[in-house]
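Asks: fold the following for me, if possible:
(2 chains)
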Protein chains: 2
Amino acid sequence: MLQSYETLRQESIETLRAQIRSGSYRSHTAGLGKNLLQANLAIIPEAFALDFMRFCQRNPKPCPLIGASDTGNPLLFTLGHCLDIRTDVPAYNIYRDGRLEGSVTDISALWSDDLVAFALGCSFTFEHALIEAGIDLWHISNNVTVPMYRSNMETTPAGPFRGAMVVSMRMIPDERVRDAVAISARFPLAHGSPVHIGDPAAIGISDLGNPDWGDAVPVEAGFTPVFWACGVTPQAIIQNAALPLLITHKPGHMLITDIPDDAEIPIITKKTL
Amino acid sequence: MLQSYETLRQESIETLRAQIRSGSYRSHTAGLGKNLLQANLAIIPEAFALDFMRFCQRNPKPCPLIGASDTGNPLLFTLGHCLDIRTDVPAYNIYRDGRLEGSVTDISALWSDDLVAFALGCSFTFEHALIEAGIDLWHISNNVTVPMYRSNMETTPAGPFRGAMVVSMRMIPDERVRDAVAISARFPLAHGSPVHIGDPAAIGISDLGNPDWGDAVPVEAGFTPVFWACGVTPQAIIQNAALPLLITHKPGHMLITDIPDDAEIPIITKKTL
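Replies: Here you go, the predicted structure:
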C-alpha cells in the first residue's frame, strides 16, 4: 500500500526507512525524519570517483561531502545502520551519457561492483534552523520548490568535473539577513553561509522570476535576495561530464540518514562526549 | 645562508615561502605565518588516493582534509598562489614500504606523474585560539612538543587504511575545560572538539608520563587531561599500510598555506562576502 506524506511525518527513522525500502513511500522527504541529516545522492563508476572527491573537496559549499561508499558496497555504513543505498531513497533518476533515462524507486538491478555512492549535504538542514529562528521561508510556507539558478560563478574544476555553480535563492527580510548568514554558517555540511547577497545580475542571473529549477517566489520591497550554493550543482556538473552512468536521488526525494542534523561530524560513532 | 626562526617570525607569507623554497629555512613552523592555516602533508601514489580520501572523509577529526592535488601536479592551487608542494615545506620524511628512509628539504627529484599530495589541518590553529582565550598550554610555554599517544579508539577503515587513532593531550584547568571544548569545536578543519576528556585508561593510555610521540608534560591537580584527534594519525595509518612510497612533512615542519586560519572553507576564492 502506498503511504502518504502526512502519515509518515511523525514516524521514526526505522519506520520511515522500512516504508521507503519496500517502495510503499515514494514521495518527497522535506520535513520527514525530523532533525536527521538528509542528503543528495550521486552514484558513479569508480573510474571517476577520485576526481569527483577532489571536486567536492575543492567546492565544499555546493558539494559538502558527508559520505562515500566502498567501491561496490551498497551499504553507506557511516551514515546509517543497515542503510542500503539501492533501496533507501524514495525515488532515483538514472542518467546515461548525461541524459535522463528515467526514474525508478529501487536500483538493485542497476547496482554493480564498480559503483561508488556519494552523499552530499542538503539545504533542508539550515532551512530548518532559519525557520526555528523565526525567518519565514516563502517556498516552504507556500509548499513550492525553492527557486534555483545557474550562476556565473565557476566551480574549481577536477578532472572532467567543471562548470557553473547552481544557487538557490531565498528572500530574507532586510533586517534578518545578518542572522541568516550567521545561522547558515553554522552548518558547513549543509552549504554553509550564502555565496552572494543582493543584486542577482552580479552573479549572472538576469531574471529572478524565471528560475532554471524550482518555482519563482515573490520579490518584494523590504526583502533581500540571498543566494546559497545548491546541491543541484554536483548533479548538473556530473551530467555535463556525461559519465556513462550516473544515478541520483530524484530532486526533493532525499536520502534520510541516521545522523542528527546538528552533529559535529557526519559519522556514526560509538561514543559521544 | 640558513635563516633562523626568530628572523622569520614577523615575515609575510611571500618572504617565508621564498626562504623555505630556497632551502634557507629548514626548521619548525609553529608560530610562523601568523593567522595562516598550517597543514600536515601526505603524498602517496594515485592507486591509493581514492581509499585515502574515503579514509579522511570517514575520520574527519584525525584527518581533516583541506587540500588534494591533481595527480602528478605539484601545485596545490586551492591553498596558495604558486604553492609548490615539492619545495614549500621546510623538511620532508620519506617512507618506503612503511619504513623511514630519511629526511630531505626538497622532493623535486622524487616527484612523479602518479603522485597525489594531500594537506590535512593541524592543531596549531585551535591552539592559537585557546591561547588567545587565556588558556595556557604548557608545551607551548615551555617550548616542547605536545605529548601524543596511540589510543584504543579505532578509526573507520577504508581500503588498506585502518588502525588506532593517535591523540594529542593538553592539561586544561578544570574550570576551562568547557571553554576549551567550545573553542576547538569552532575549528573542524583543525581536528574540532576533543575526542575524550579525563581518564586516560578509558581510551587505552596507561601512562600519561610516557607519550608515544612528543614530550611528557606535568600532570597536576586542578587540571584535566583533554585529548584531541591528532594529525599523526594519518601518518601512522599510512605507514602501517606500507605503501611503496609515502612522503610526509617532518613533524612540526608544516606546510604554511595562504588561507586565513579562521576561513569558513580552505579554498582560495576570488570574492568573499
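Asks: C-alpha from now on. contacts and neighbour counts both.
Replies: OK.
Asks: now stretch A:254-272: buried residues?
Replies: A:254-262, A:264-268 (16 or more other C-alpha atoms under 10 Å in any protein chain shown).
Asks: please disregard the earlier target; I meant stretch A:124-141.
Replies: A:F124, A:T125, A:F126, A:E127, A:H128, A:A129, A:L130, A:I135, A:D136, A:L137, A:W138, A:H139.
Asks: wait, A:H191 sits on A:N59?
Replies: No. The criterion here is C-alpha atoms under 8 Å, and A:H191 misses it with A:N59 at 9.9 Å.
Asks: now find how far off-centre stretch A:40-48 is within its chain.
Replies: Computed by C-alpha atoms, centre = their mean, to the nearest Å, the chain-centroid distance of stretch A:40-48 equals 15 Å.
Asks: repeat that for stretch A:104-117.
Replies: Here stretch A:104-117 is found 19 Å from its chain centre; the criterion is C-alpha atoms, centre = their mean.
Asks: does chain B sit close to it?
Replies: No. Stretch A:104-117 stays clear of chain B (C-alpha under 8 Å from any C-alpha of the partner chain), getting no nearer than 10.6 Å.
Asks: mean confidence for that stretch?
Replies: For stretch A:104-117, mean pLDDT is 98.
Asks: now tell me what touches it from outside.
Replies: For stretch A:104-117, the external contacting residues (C-alpha atoms under 8 Å, 6 or more residues apart in numbering or on different chains) are A:23, A:26, A:41-46, A:49, A:67-74, A:76, A:85-87, A:89-94.
Asks: try 7 Å
Replies: Residues outside stretch A:104-117 that contact it (C-alpha atoms under 7 Å, 6 or more residues apart in numbering or on different chains) are A:23, A:26, A:42-46, A:49, A:68-72, A:86-87, A:90-93.
Asks: for it, which residues meet the burial criterion?
Replies: So for stretch A:104-117, counting by 16+ other C-alpha under 10 Å, buried means A:T105, A:D106, A:I107, A:W111, A:L115, A:V116, A:A117.
Asks: SS state for the third one?
Replies: The one in question is A:I107. coil (DSSP: H, G, I helix; E, B strand; the rest coil).
Asks: end to end on stretch A:215-234, go ahead and measure it.
Replies: Terminal residues of stretch A:215-234 lie 20 Å apart, using C-alpha to C-alpha, to the nearest Å.
Asks: mind checking which of the contacts of stretch A:104-117 land in helices?
Replies: Here DSSP state H is the test, and the contacts of stretch A:104-117 give A:A49 as lying in helices.
Asks: and the contacts of stretch A:104-117 near chain B, which?
Replies: A:A68 (C-alpha under 7 Å from any C-alpha of the partner chain).
Asks: who's in contact with A:P260?
Replies: A:N35, A:L36, A:L37.
Asks: could you find the closest non-adjacent residue to it?
Replies: A:L36 (4.5 Å; C-alpha to C-alpha, 6 or more residues apart in numbering or on different chains).
Asks: tell me how many other residues crowd the one you found.
Replies: Using other C-alpha atoms under 10 Å in any protein chain shown, A:L36 has 19 other residues around it.
Asks: was I right to think it contacts A:L255?
Replies: No. Checked against C-alpha atoms under 7 Å, the pair A:L36 and A:L255 is beyond contact range at 10.2 Å.
Asks: please report how far A:M53 lies from chain B.
Replies: To chain B, A:M53 is 7 Å away according to C-alpha to the nearest C-alpha, to the nearest Å.
Asks: what is the neighbour count of that residue?
Replies: Neighbour tally, A:M53, other C-alpha under 10 Å: 21.
Asks: likewise A:I183?
Replies: 17.
Asks: that one: which element?
Replies: helix A:177-185 (DSSP states H and E).
Asks: who's in contact with the residue nearest to A:P260?
Replies: A:I256, A:T257, A:D258, A:I259, A:P260, A:D261.
Asks: now the helices: where do they sit in the stretch 51-200 of chain A?
Replies: According to DSSP state H, counting those that start in this stretch, the stretch 51-200 of chain A carries its helices in the segments A:124-132, A:138-141, A:177-185.
Asks: report all helices and strands that the first one contacts.
Replies: It stands for helix A:124-132. helix A:177-185 (3 or more C-alpha pairs under 7 Å, 6 or more residues apart in numbering or on different chains; DSSP states H and E).
Asks: try it again at 10 Å.
Replies: With contacts taken as 3 or more C-alpha pairs under 10 Å, 6 or more residues apart in numbering or on different chains; DSSP states H and E, helix A:124-132 sits against strand A:36-45, helix A:177-185.
Asks: reformat the helices of the stretch 51-200 of chain A as a markdown table; add mean pLDDT.
Replies: A markdown table is the format used below for those (pLDDT from 0 to 100):
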| stretch | mean pLDDT |
| --- | --- |
| helix A:124-132 | 90 |
| helix A:138-141 | 92 |
| helix A:177-185 | 96 |
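Asks: would CSV of the ones you listed with distance to A:G214 be doable?
Replies: CSV is the format used below for those (distance: least, C-alpha to C-alpha, whole Å):
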stretch, distance to A:G214
helix A:124-132, 15
helix A:138-141, 10
helix A:177-185, 21
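Asks: closest to B:V219 out of these?
Replies: helix A:177-185 (37.6 Å; C-alpha to C-alpha).
Asks: list the buried residues in the closest one.
Replies: A:V177, A:A180, A:V181, A:I183, A:S184, A:A185.
Asks: tell me how far the closest residue in space to A:T105 that isn't next to it in sequence lies from A:T145.
Replies: With sequence-adjacent residues excluded and distances taken as C-alpha to C-alpha, 6+ apart, A:T105 is closest to A:A91, at 4.4 Å. Relative to A:T145, A:A91 is positioned 17 Å away (criterion: C-alpha to C-alpha).
Asks: looking at these two, which one has more neighbours?
Replies: Of the pair A:A91 and A:T145, A:A91 is the one with more neighbours under other C-alpha under 10 Å, namely 25 against 16.
Asks: tell me the pLDDT of A:S12.
Replies: 87.
Asks: cool, A:L273 as well?
Replies: At A:L273, pLDDT is 36.
Asks: one more: A:T29?
Replies: 88.
Asks: is it in a helix, a strand, or coil?
Replies: coil.
Asks: count of residues packed around it?
Replies: With other C-alpha under 10 Å as criterion, A:T29 counts 23.
Asks: now it: closest residue in space that isn't a chain neighbour?
Replies: Nearest one to A:T29, counting by C-alpha to C-alpha, 6+ apart, is A:H253 at 5.4 Å.
Asks: let me know whether the one you found touches A:A91 as I believe.
Replies: Yes. A:H253 is within contact range of A:A91, at 6.0 Å (criterion: C-alpha atoms under 10 Å).
Asks: where's the residue in chain A positioned nearest to chain B relative to A:R96, distance?
Replies: Distances between chain A and chain B by C-alpha to the nearest C-alpha are smallest at A:L50, namely 5.1 Å. Per C-alpha to C-alpha, A:L50 is found 20 Å from A:R96.
Asks: these two: who's more crowded?
Replies: Neighbour totals were compared for A:L50 and A:R96, and A:L50 leads with 23 against 15 (other C-alpha under 10 Å).
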